[in-house]
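Trainee: structure, please.
(2 chains)
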Amino acid sequence: MLMREGQSLRTIPAIAMAGIFLVLGGCATYSQSFRAVERNLLKNDPTGALQALEKQPRSSRDQFLYVCNKAMLLRMLGKFKQSNEEIKKAKAIVQKYSAISVSEQTSSFIINDATRTYIGSPVEQIMLNVYAALNYLQMNDLNGARVEILQEDIRLRALMQDDPDSPLSVDPFARYLSGIIYEDLGEWSDAMIAYRKAYQAYQKHAALYGIAIPQQLKRSLIRMADKVGLYNERRKYEQEFDLHLANLQKGIQNTSELVFIFNNGLAPIKRESSVQVIEPKSGHMIRISLPYYEKRNTPVAYARLYLQSVRPHLKNVPKLVTKTEKVEDISSLEIETLKSQMAAITARALARAVAKDKLSDEASQRNGLAGLIVNIAGVLTERADTRSWLTLPAQIQCARLKAPAGLYSAHVELLDHNNNIVLRRNLGKIKLTTGHNDYLSFRWTSIEATTRN
Amino acid sequence: MLIRKFKLAALAIFIILAVTACATQVQRVAVNKDIDLSGAWNDTDSRMVSEAMIKDMLDRPWFRNYARKHNRQPAVIVGRIRNLSDEHINVRTFVSDIERAMINSGQINFVASSNQRKEIRSERKDQDINASESTRKAMGQEMGADFMLKGSINTIVDMEGKTQLRYYQIDLNLISLANNRMVWLGQKKIKKLIKNSRLRF
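Mentor: Modelled structure (predicted):
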């Protein structure tokens, strides 16, 4: 095709625009670029994962994810203080970029959704406070953890204001953890309120994706209702759960409590699903890309924690054992959250397809080649926003164990759905103290599926 | 020609503005200047609260009564001040602001904290062995505190959309070490209305 001089000049803005499209839009989705980090996580190697994360190219738009992943990997390495420093940065990003950006909205309208600064899904934002609180607890800083649960409360209240009817506006584990922390601080009435809110949240979430109400929460509700003198409420819970306080009082006699947190697997990963059609009238190609979640299944169903006293005269005393229960199903929460956002994401993708087609049309009217280039660029840049916090676990499991104060050696067994042992790991020595709870956590990141191209 | 020159000048101004906007700027400001960035608890709050509360504490009858009865200034120690707010407030700087306000008032004898005392006692022990007779400080001559100052920082947060009302309540109690009597209860409240922008560039 020959171009006249005037035409070739007019083509330049169209080609430049196509170039801008390509530069801003990028080609690989976020989840695809995460393979190196994930490969190390599959080997349960957080050090290698951290090194891979540092090498990963990142844009300022994805800074939230970089700091969140770094925080999680540092936590896995037992560097709780540094982990909280990264979480602090993530919170600052959320605060700074919560306002709607005019320029980013425009670019997301003409290029793709991933051109916006990522500030996390509501679940991920709540997990910032949850993991910061857990980090403080493992550093024996109860007051620091208390600050985090108060911030979490503000975040949950804001979610409730935005969408009061959504079950996703209440987070069961965030409330349950608040109850544990208030109880540990001796603030009984606040603990009672938090346990009640957790119970209500678990009921709502059970209806949505079938999470069971943890037995440990049922016991906490009865114990706390008794402690604050709400005897009618205690009886109501006893009847409802078919649990009786007489069985529980034995446990209260013990002086120390261990809270064991087992972070199981990896959160689901977002993939892209695309549809391409040719518009018959103009002959332009139209592409619509939408994200969907794919679960990264873990073979581990639950963990068993064993404590053996290291005192020589107690060596023959049977080991204390406890089994973890699922307290937060991050996989289901993320999937449900995306489902609730899909209508808006689809509407934006459709509007973008129309806008890109219109741009191609206008370029074609000036010059056929320019129209083709703009059309190709529009199709290539149409990518789904697959960004999410990929180092989060699929589930948080928890166990609470009452034991006499003292020094114990701890080991954990991970079991699959058929109760076969998948892994046995020594967790070293732990000291249980009187007065306050002790907190211990374990993370297992091996999963069945791996990241695809 | 004129238009072209104007365009060039406009472009140059734009580039200069763009470059200077990106550069980090540092400006020294007076320590006592009130600057609020995020609306969170800051040095200004810490300073204002400690000064106002200690002034209130010294204006109350307990102080005059004590001075009249014992014919000396009371000795005070700062105990635990709990952060019950939703912010990671550095309580240590608040405690040192309170200590400074008390010492600078000149009306109170101030006793070192338990950690500081431990260090001083160890130094005194060391002096017992190594210092000369004339400079050695004897054990058992410490000034015991008459009162302990304890307290808490609390927040209540109310919000609607991007607007947040932060209400801080700081409670300080002065308790007699002799008989656990609470001689003064001070309260200071700060209310902040924070409006976050809905839009950004």
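
Trainee: any weak-confidence spans in the chain?
Mentor: Because you didn't say which chain, this covers chain A. Residues of chain A that meet the criterion pLDDT under 70 lie in A:1-29, A:245-254, A:313-316, A:447-453.

Trainee: sorry, should have said chain B
Mentor: In the predicted model, chain B carries pLDDT under 70 at residues B:1-26, B:29, B:31-32, B:35, B:37.

Trainee: how about the residues of it near chain A?
Mentor: Within chain B, the positions near chain A by C-beta under 8 Å from any C-beta of the partner chain are B:38, B:82-88, B:155, B:157, B:159-162, B:196-201. For the C-beta atoms, the positions are set from N, CA and C on the backbone; glycine is no exception.

Trainee: dump the residue contacts of the closest residue to chain B within chain A.
Mentor: The nearest approach of chain A to chain B comes at A:Leu150, 3.5 Å away (C-beta to the nearest C-beta). Applying C-beta atoms under 8 Å, 6 or more residues apart in numbering or on different chains, one finds that A:Leu150 lies in contact with B:85-86, B:155.

Trainee: tell me which helix or strand comes right after the helix or strand hosting it.
Mentor: Here A:Leu150 sits within helix A:142-162, counting by DSSP states H and E. Following helix A:142-162 in sequence order, the next helix or strand is helix A:172-185 (DSSP H and E).

Trainee: in the helix or strand following that following helix, what counts as buried?
Mentor: Using DSSP H and E, the helix or strand that follows helix A:172-185 in sequence is helix A:188-209. By neighbour count, and taking 16 or more other C-beta atoms under 10 Å in any protein chain shown as the criterion, the buried residues in helix A:188-209 are A:188, A:190-199, A:201-202, A:205.

Trainee: whether helix A:188-209 contacts chain B - can you check?
Mentor: No. When contact is scored as C-beta under 8 Å from any C-beta, no part of helix A:188-209 falls within range of chain B; the minimum is 10.3 Å.

Trainee: can you name every helix or strand that the following helix or strand past that helix contacts?
Mentor: Scanning forward in sequence from helix A:188-209, with DSSP H and E defining helices and strands, the next element found is helix A:215-227. Helix A:215-227 is packed against helix A:172-185, helix A:188-209, helix A:231-241, helix A:245-252, strand A:325-329, strand A:395-403, with contacts defined by 3 or more C-beta pairs under 8 Å, 6 or more residues apart in numbering or on different chains; DSSP states H and E.

Trainee: what's the angle between helix A:215-227 and strand A:395-403?
Mentor: Orientation note: helix A:215-227 sits at an angle of 50 degrees relative to strand A:395-403 (axes from the mean of the first three to the mean of the last three C-alpha atoms, to 10 degrees).

Trainee: and helix A:215-227, which residues are buried?
Mentor: By neighbour count, with 16+ other C-beta under 10 Å as the criterion, the buried positions of helix A:215-227 are A:216-226.

Trainee: and for stretch A:58-71?
Mentor: Of the residues in stretch A:58-71, those buried under the neighbour-count criterion (16+ other C-beta under 10 Å) are A:61-71.

Trainee: give me the residue from chain B nearest chain A.
Mentor: Among residues of chain B, the one nearest chain A by C-beta to the nearest C-beta turns out to be B:Asp86. It sits 3.5 Å away.

Trainee: skipping adjacent residues, who's closest to that residue in space?
Mentor: Leaving aside its chain neighbours, B:Asp86 sits nearest to A:Leu150 (3.5 Å; criterion: C-beta to C-beta, 6 or more residues apart in numbering or on different chains).

Trainee: that older thread, B:Leu174: which of the helices and strands packed on helix A:215-227 is closest?
Mentor: helix A:172-185 (24.2 Å; C-beta to C-beta).

Trainee: counting contacts, what elements does the closest one pack onto?
Mentor: Against helix A:172-185 (3+ C-beta pairs under 8 Å, 6+ apart) you get helix A:122-138, helix A:142-162, helix A:188-209, helix A:215-227, strand A:325-329, strand A:395-403.

Trainee: dump the ones you listed to a markdown table, plus distance to A:Ser360.
Mentor: Listed next are these as a markdown table, based on distance: least, C-beta to C-beta, whole Å:
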| stretch | distance to A:Ser360 |
| --- | --- |
| helix A:122-138 | 36 |
| helix A:142-162 | 37 |
| helix A:188-209 | 42 |
| helix A:215-227 | 56 |
| strand A:325-329 | 44 |
| strand A:395-403 | 46 |
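
Trainee: of those, which is nearest A:Lys356?
Mentor: That would be helix A:122-138 among those, by C-beta to C-beta, at 29.6 Å.

Trainee: helix, strand, or coil at the closest residue to A:Gly265 other than its chain neighbours?
Mentor: Computed as C-beta to C-beta, 6+ apart, the closest residue to A:Gly265 that is not its neighbour in sequence is A:Thr298, at 3.1 Å. Following DSSP: H, G, I helix; E, B strand; the rest coil, the label given to A:Thr298 is coil.

Trainee: contacts for the biggest strand by length in chain A, please.
Mentor: Using DSSP state E to define each element, chain A has its longest strand at strand A:421-432. Counting by C-beta under 8 Å, 6+ apart, strand A:421-432 makes contact with A:256-258, A:299-300, A:305, A:307, A:310, A:403-416, A:438, A:440, A:442, A:444, all of which sit outside it.

Trainee: select only the buried ones of these in ChimeraX?
Mentor: Typed into ChimeraX, the next command selects the buried ones out of these (criterion: 16+ other C-beta under 10 Å):
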select /A:256,257,258,299,300,305,307,403,406,408,410,412,413,414,415,438,440,442,444
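
Trainee: please narrow the contacts of strand A:421-432 to those residing in strands.
Mentor: Within those, residues falling in strands by DSSP E are A:256-258, A:305, A:307, A:403, A:406-415, A:438, A:440, A:442, A:444.

Trainee: wait, doesn't B:Lys191 sit right on B:Gln169?
Mentor: No. The pair B:Lys191 / B:Gln169 is not scored as a contact, 9.9 Å apart, by C-beta atoms under 8 Å.

Trainee: when the two are compared, which one has more neighbours?
Mentor: Set side by side, B:Lys191 and B:Gln169 give different neighbour counts by other C-beta atoms under 10 Å in any protein chain shown, the larger being at B:Gln169 (16 against 10).

Trainee: surely that one is within a helix?
Mentor: No. Membership of B:Gln169 in a helix is not supported by three-state DSSP, which gives strand.

Trainee: how near is it to A:Val170?
Mentor: Distance of B:Gln169 to A:Val170, computed by C-beta to C-beta, to the nearest Å: 28 Å.

Trainee: on the three-state scheme, B:Lys188 is what?
Mentor: Taken by three-state DSSP, the conformation at B:Lys188 corresponds to strand.

Trainee: do I have it right that it meets B:Ile54?
Mentor: No. The criterion here is C-beta under 8 Å, and B:Lys188 misses it with B:Ile54 at 10.5 Å.

Trainee: which of those two has more neighbours?
Mentor: Neighbours were tallied for B:Lys188 and for B:Ile54 using other C-beta under 10 Å; the higher tally belongs to B:Ile54 (25 against 18).

Trainee: show me what contacts the residue most central in space within chain B?
Mentor: Relative to the mean C-alpha position of chain B, the nearest C-alpha, by C-alpha atoms, centre = their mean, is the one of B:Phe94, at 2.5 Å. Contact analysis of B:Phe94 by C-beta under 8 Å, 6+ apart lists B:46, B:49-50, B:81, B:153.

Trainee: cross those residues against helices and list the overlap.
Mentor: Restricting the contacts of B:Phe94 to those inside helices, with DSSP state H as the criterion, leaves B:46, B:49-50.
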